[in-house]
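Undergrad: Would you be able to build a 3D model of this:
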Amino acid sequence: MRINKNFITNGMYISLMIPFILSTVTQPLLGAIDLAVIGRLNSEILISGVAIGTLIFNTIYWMFGFLRVSTTSYSAQNTHKTKNENALVFLRPFIIALFISLICVLFKSNIFNLAMKFINPTLEVENISKIYFSILIFGAPFVLFNYVILGWLMGKGNVFGSLTMQISGNILNIILDVIFVIFLKKGVEGVAYATLVSQMISFLIGLYFIIPYGYFKSINISAIINKKEIVNILVINRNLMVRTFFLLLHNNLIISASSNLGVDILATNSILLQIVSIISYSFDGIANTSSVFSGRALGLKDNYMMKLVWKRNLQWGIIFVILTSFFYISLSEKIFLIFSNLETILSLSRQFWFWIALYPLISFLGLTFYGVFTGANKTFPVALSTGGAFFMFFLSYSFMIPKLGNNGIWISFLIFYFFRGAFLLPQLKKTLI
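TA: Purely as a prediction, here's the structure:
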């Protein structure tokens, strides 16, 4: 099939990219909102406790983030297949999400205790984290269901549905945070309950947009719970799980090192990492857009279209580096004040702010081009590049931090993201059919 050279125009790419950025960035905003509201209570311990609680959930949900990434790819690839075939492809990851979330809830104490042994915070910080965690763990089923629904809507190009689902939950979370914490004085419990309720509502909104597809009308349990197909999904996604494992190990080591430098550094780095998370998820919107188009190129077996995806990804990645860097450099002081008005935290944030300014330029290749690989079902290079990047990070982590303290933490952090892109890009031709 001959594809016109304008088959993926800038307009087509932007029409998906902007909604995807707006929808994906809402995930870290939930944690950022919680941290910002708690920051108004003027306590480094509260900030650190909520930050660690947020880290635990990021660890859990990022580990199974393949549910959204791979579902986006499957959804795009199956666009031209029958409704029954689409129903089976959609409902299988839904069942996997249910199984994983039940395990998380049943073994919640084990998960929390393991996290505390790894991070090793002070007792006061641990107690705050436990309050936050023990409430929000019951949101696991809704978060993982939302991953599947959101991934499917993205793959189908249902921009309005994916955007409404995510933004509505965030708006509600902000409103409930203000009500529970500012007016009702519920503190950490209020922040956790606000997020839990918003996760539930997002799920209900997602169902509203999924039900019209008719996938729940003729459910064939035996066909859905097909051992061969379930195993195949997990095998295909094992590389994404490996990639996520290294990402999470990296993030947890950063928090652990921050904790060892004291509660002030931990609180400061937690705020800076929330900013990094928002930037990362913004770039993830570009990755999701490329995943949709590379999935369609795979389905059409069209290498010309795949190369257009490469071009659009690079083009808009560079543009977004410029935009995010300018935005952060111009507004960093105001951003810090959103999270805390404690002078100690603000002073430390100003001291280390420039590391975040370097992040978009250093990280964007790895953050965006992995979407091309996942859409093309070529996930081994993603796992391999992330593993190699972690090795380089760990070398820096072992030698830099003892000598340079918090600057060593941020140097090691950026080394990881630089090598993710440096190791991934040379393997781009593997996405061709």
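Undergrad: ok, which stretches of this protein are strands?
TA: For the chain, strands defined by DSSP state E do not occur.
Undergrad: Could you give the separation of the lowest-mean-pLDDT helix or strand in it from the chain centroid?
TA: Every helix and strand of the chain was ranked by mean pLDDT, DSSP states H and E. The lowest is helix 221-224, at a mean of 72. Distance, stretch centre to chain centre, for helix 221-224: 30 Å (CA atoms, centre = their mean, to the nearest Å).
Undergrad: Need the residues that contact that helix.
TA: With CB atoms under 8 Å, 6 or more residues apart in numbering as the test, helix 221-224 has contacts from 88, 91-92, 95. C-beta coordinates here come from the backbone N, C-alpha and C atoms, glycine included.
Undergrad: Now rank those residues by neighbours and give me the top one.
TA: In terms of neighbours by other CB atoms under 10 Å, the contacts of helix 221-224 top out with Arg92 at 21 neighbours.
Undergrad: hang on, the earlier thing: show me the contacts of helix 221-224 that map onto helices.
TA: Among those, DSSP state H puts 88, 91-92, 95 in helices.
Undergrad: quick one: which of those residues is nearest Val159?
TA: Of all the ones in helices among the contacts of helix 221-224, Val159 sits closest to Leu91, with 22.9 Å by CB to CB.
Undergrad: which residue sits closest to that closest one in space, ignoring its chain neighbours?
TA: Closest residue in space to Leu91, ignoring its immediate chain neighbours: Ile224 at 4.8 Å, by CB to CB, 6 or more residues apart in numbering.
Undergrad: Could you report the neighbour count for the one you found?
TA: 17.
Undergrad: same deal with Val276?
TA: Using other CB under 10 Å, the number of residues around Val276 comes to 23.
Undergrad: so who does it touch?
TA: Taking CB under 8 Å, 6+ apart as the criterion, Val276 is in contact with 356, 359.
Undergrad: switch to 10 Å and redo it
TA: Neighbouring residues of Val276 by CB atoms under 10 Å, 6 or more residues apart in numbering: 28, 251, 254, 269, 328, 355-356, 359-360, 363, 410, 413, 417.
Undergrad: Among those residues, which lie within helices?
TA: Those of the contacts of Val276 lying in helices (DSSP H): 28, 251, 254, 269, 328, 355-356, 359-360, 363, 410, 413, 417.
Undergrad: among the residues you listed, which one has the lowest pLDDT?
TA: Ranked by pLDDT, these bottom out at Pro28, which has 75.
Undergrad: And Ile182, how far from Gly190?
TA: 9 Å (CB to CB, to the nearest Å).
Undergrad: Show me which of these two is the more surrounded one.
TA: Higher neighbour count among Ile182 and Gly190: Gly190, with 23 against 13, using other CB under 10 Å.
Undergrad: related to what we said a few turns ago, identify, from the contacts of helix 221-224, the entry nearest to Val382.
TA: Arg92 (21.5 Å).
Undergrad: so where's the protein uncertain?
TA: Within the chain, the segments meeting pLDDT under 70 span 1-6, 27, 78-81, 218, 236.
Undergrad: Reformat the ones in helices among the contacts of Val276 into TSV and put neighbour count and distance to Ser162 next to each item.
TA: TSV is the format used below for the ones in helices among the contacts of Val276 (neighbours: other CB atoms under 10 Å; distance: CB to CB, whole Å):
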residue	neighbour count	distance to Ser162
Pro28	22	16
Asn251	19	25
Ile254	22	30
Asn269	27	31
Tyr328	19	26
Trp355	19	32
Ile356	23	28
Tyr359	25	26
Pro360	26	24
Ser363	22	24
Trp410	23	33
Phe413	27	30
Tyr417	23	26
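Undergrad: can I get the residues you listed in TSV with distance to Thr72?
TA: Output for these, formatted as TSV (distance: CB to CB, whole Å):
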residue	distance to Thr72
Pro28	18
Asn251	23
Ile254	28
Asn269	31
Tyr328	27
Trp355	31
Ile356	28
Tyr359	25
Pro360	23
Ser363	21
Trp410	31
Phe413	27
Tyr417	22
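Undergrad: if we take those residues, which one ends up nearest to Ala376?
TA: Checking the ones in helices among the contacts of Val276 against Ala376 by CB to CB gives Ser363 as the nearest, at 21.4 Å.
Undergrad: give me every residue that touches the closest residue to Tyr132 other than its chain neighbours.
TA: Counting by CB to CB, 6+ apart, Tyr132 lies nearest to Gly53, which is 3.5 Å off, once chain neighbours are set aside. Shown in contact with Gly53 (CB under 10 Å, 6+ apart): 31, 34-35, 112, 115, 125, 128-137, 188, 191-192.
Undergrad: One more: Ala76?
TA: Contacts of Ala76 (CB under 10 Å, 6+ apart): 151-152, 154-157, 291-299, 375.
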